[in-house]
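A.B. asks: For reference, the sequence and a predicted model appear below.
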Amino acid sequence: MHRITLTIILLLSATCADAAWYQKTDGTIVDPIQSLSGGDHAYSKGNLEPSAVLEHLVLTGADLSDADLSDAHLTWAYIESADLSGADLSGATVIFGFFTNTDLSGANLSGSDLTKVLAYNNATWTGAFYYTDNEPAWSSYGSGMDAAWRASEGILALAPTSAVPEPSTLLLALFGLALVPRKRRR
């Protein structure tokens, strides 16, 4: 009887130890985080989601494509040889981060704090972008992420987007104006 109880307790405790997940920019959850080499990634600390506060991330070789890490606070983030293509890093703060050999192509960097990124050599930044009214704070370690470096890496500085009403909103407004009574001439 004790063995059966112990076995049940061990099985339940093993299933409670979930691996970490991450949220994509479209809202879907990838659970567990996958490895670029195939299979589940070993990372099991906090989940990667918008506004997460995480320390000592070791996500080497992780597939984090299209991850939504907007406004996240990442301290000692070892995200090396990983895929962060299409990720939303807008407003994220990366303190003592390592992005060596990481794919950041198409990542949104608007308003992020990258001042303490320590290593980003051999990272792919092609198509990563930020809006000029919300430029990131760039790292000055090593050669520095100056304007010449950003241009050579293919990082895009985009003009801010302006609000354009949706077609249905515009049609509703025009319909409302058509119904406004007009004064008749006699």
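C.D. replies: Okay, I see it.

A.B. asks: Which residue is the nearest non-sequential neighbour of Thr93?
C.D. replies: What sits nearest to Thr93 in space, not counting adjacent residues and going by CB to CB, 6 or more residues apart in numbering, is Asp113, at 4.3 Å. Just so you know, the C-beta spots here come from the backbone N, C-alpha and C atoms, and that holds for glycine as well.

A.B. asks: residue contacts, that neighbour?
C.D. replies: 92-94, 136-137 (CB atoms under 8 Å, 6 or more residues apart in numbering).

A.B. asks: And for Ala123?
C.D. replies: Listed by CB under 8 Å, 6+ apart, the contact set of Ala123 reads 99-104.

A.B. asks: Asn101 is in contact with Glu80, correct?
C.D. replies: Yes. The pair Glu80 / Asn101 is scored as a contact, 5.9 Å apart, by CB atoms under 8 Å.

A.B. asks: Among these two, which residue is more densely surrounded?
C.D. replies: It is Glu80, of Glu80 and Asn101, that has more neighbours when counted by other CB atoms under 10 Å, with 20 against 16.

A.B. asks: Quick check: the more buried one vs Ala137, distance?
C.D. replies: 22 Å (CB to CB, to the nearest Å).
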